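K.L.:
Okay, here's the prediction I keep looking at, along with the sequence it came from:
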Amino acid sequence: MRRARRRAEARPPLRSALEIFDRLGAAPWAERARAELRATGDSAPAARPADALAALTPQELQVVRLAAAGVSNRDIAAQLFLSHRTVEYHLYKAYPKLGIGSRQELAGLV
């Protein structure tokens, strides 16, 4: 559709394809869909790391999963036998690795 100069019509299927390719981890296909979206004049979202959770240490992963489930920092600390300051530190280090900035975004990622 895009090559037939029907750019507006091409955007919804390309967005859908990009979302599916990202979810499946099909990086080459996702990048191609991203390029096609840009060619239609749409701004394609930036690529996320294939498995952002793989960049976390085992301790950070435990803390992130509990935080994503809605457990408070103090309760996470009690469950993992850590101080609440250590939990805060692990979250502070994990957010940039995951490309997020808040606890609300964390719930959507994990």
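P.N.:
Looks like it arrived, so ask away. Owing to the predicted nature of the structure, the values given are computational and were not obtained by experimental measurement.
K.L.:
In this structure residue 98 contacts residue 63, no?
P.N.:
No. Counting by C-beta atoms under 8 Å, residue 98 sits too far from residue 63 to count as a contact (11.9 Å). For the C-beta atoms, the positions are set from N, CA and C on the backbone; glycine is no exception.
K.L.:
All the helices of the protein, in order from the start?
P.N.:
7-24, 27-39, 58-68, 73-80, 84-98, 103-109 (DSSP state H).
K.L.:
for these, which one sits closest to residue 52?
P.N.:
helix 84-98 (4.8 Å; C-beta to C-beta).
K.L.:
what helices or strands is that closest one leaning on?
P.N.:
helix 58-68, helix 73-80, helix 103-109 (3 or more C-beta pairs under 8 Å, 6 or more residues apart in numbering; DSSP states H and E).
K.L.:
Is it possible to get a markdown table of the ones you listed that adds mean pLDDT, distance to residue 33 and mean neighbour count?
P.N.:
Below are the helices and strands packed on helix 84-98 laid out as a markdown table (pLDDT from 0 to 100; distance: least, C-beta to C-beta, whole Å; neighbours: other C-beta atoms under 10 Å):
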| stretch | mean pLDDT | distance to residue 33 | mean neighbour count |
| --- | --- | --- | --- |
| helix 58-68 | 93 | 27 | 18 |
| helix 73-80 | 95 | 37 | 16 |
| helix 103-109 | 82 | 21 | 13 |
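K.L.:
ok so, going back, may I see the helices of the chain arranged in CSV, with distance to residue 1 as well?
P.N.:
Putting the helices of the chain into CSV (distance: least, C-beta to C-beta, whole Å) gives the following:
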stretch, distance to residue 1
helix 7-24, 4
helix 27-39, 10
helix 58-68, 38
helix 73-80, 48
helix 84-98, 34
helix 103-109, 30
